[in-house]
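Asks: The following block contains a protein sequence and its predicted model.
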Amino acid sequence: MAFDWIQKEWFSKNSKLVFFTGAGMSAESGIRTFRDNDGYWSQYDPMKLASPAGFENDPKLVLDWYQYRRNEIKKAKPNKGYDAIENIAKLFPQAQVITQNVDGFHKKADFIDVIELHGNIHKTHCNQCRKENLDGCELLHDDKPIFCDCGGLMRPSVVWFGESLRLSVMHQAESISRSADIFFSIGTSSLIYPAAQMPYEAKNNGAKIIEINPQSTPLTSMADASIQGLSGEILFKIYQELHANYN
Ligand code: OAD
């Protein structure tokens, strides 16, 4: 390849590429990450806004915050990193995405298989009986929380701190990671488990790990290539290289 970040011999036309993404993937769309200096958790307490105890204590505070985040996401659009992944997936049809993001941006490319490990902010379910998507997925009605028939409160369908990931989703993500030939870890601090286990599942099963992040993370030292930069810019360059070699 013309650039020396990654080696051409790692790729073949039949390579299975897996893109594992975190909040940094949407940063160039103007959506805040969690742990950067200007990230949400520098300003807000995750236990108040993203935990079962926080929701029990003050449901309106939590729902208002998710409504605010929904509005921010609605104002934004997927950046050129998303376009690059879509274009790379056209060259390598086995490509799959595992994301920790809840913004639904990857799902806009409907031909790519996308696992949303931490759920989707645009969906709702009952906090008590888990029934899904009442009232067109609204979080609030007349600025008030919405109750399910069972008496429980509707909440965003995202995974909170202290909650388990859905087992079927987790198993799917593990199995996709283990099947990867090339595993891209993009825009994630690699701190939150079990999601952060995915690159290790891939590596232990022979995949090459390529990390894209402006900062070092706990994954950096075990990655086969660590590319320091913005995901939109780097993915676009990788696409150009792959297009030149595998079209
Ligand atoms: P974090 O906020 O922890 O990490 C974002 C990462 O993106 C950092 O390592 C940044 O250096 C990097 N980054 C920032 N801008 C970037 C860019 N333009 N291109 C590439 N990388 C960039 O976000 P996550 O790792 O996704 O969970 O966080 C994991 C989970 O913790 C989230 O899903 C969320 C959060 O609390 C829940 O809410 C349950």
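Replies: Here it is on my side, so go on.

Asks: only C-alpha atoms for contact and neighbour calcs from this point on.
Replies: OK.

Asks: For the protein, give the strand that spans the most residues.
Replies: The residue-count maximum for a strand in the chain (DSSP state E) belongs to strand 119-126.

Asks: Moving C-terminal from that strand, which element do we reach first?
Replies: The element immediately downstream of strand 119-126 (helix or strand, assigned by DSSP states H and E) is strand 140-141.

Asks: which residues are contacting that next one?
Replies: With contacts defined as Cα atoms under 8 Å, 6 or more residues apart in numbering, strand 140-141 is touched by 63, 146.

Asks: One more: stretch 187-197?
Replies: For stretch 187-197, contacts defined as Cα under 8 Å, 6+ apart pick out 21-25, 35, 100, 117, 212-213, 217-219, 231.

Asks: Just the buried residues of it, please?
Replies: Applying a neighbour-count criterion of 16 or more other Cα atoms under 10 Å, one finds 187-190, 195-196 buried in stretch 187-197.

Asks: for stretch 91-106, same thing?
Replies: Within stretch 91-106, the residues that qualify as buried are 91-92, 94-106, counting by 16+ other Cα under 10 Å.

Asks: The ligand next: which of those residues are close?
Replies: With Cα under 6 Å from any ligand atom as the criterion, the buried residues of stretch 91-106 include 100-101 near the ligand.

Asks: Looking at the buried residues of stretch 91-106, which are in strands?
Replies: Among the buried residues of stretch 91-106, the members that lie in strands (by DSSP E) are 96-99.

Asks: Reformat these as JSON lines; add distance to N87 and pLDDT.
Replies: Converted to JSON lines, these look like this (distance: Cα to Cα, whole Å; pLDDT from 0 to 100):
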{"residue": "Q96", "distance to N87": "12", "pLDDT": "97"}
{"residue": "V97", "distance to N87": "13", "pLDDT": "98"}
{"residue": "I98", "distance to N87": "17", "pLDDT": "98"}
{"residue": "T99", "distance to N87": "17", "pLDDT": "98"}
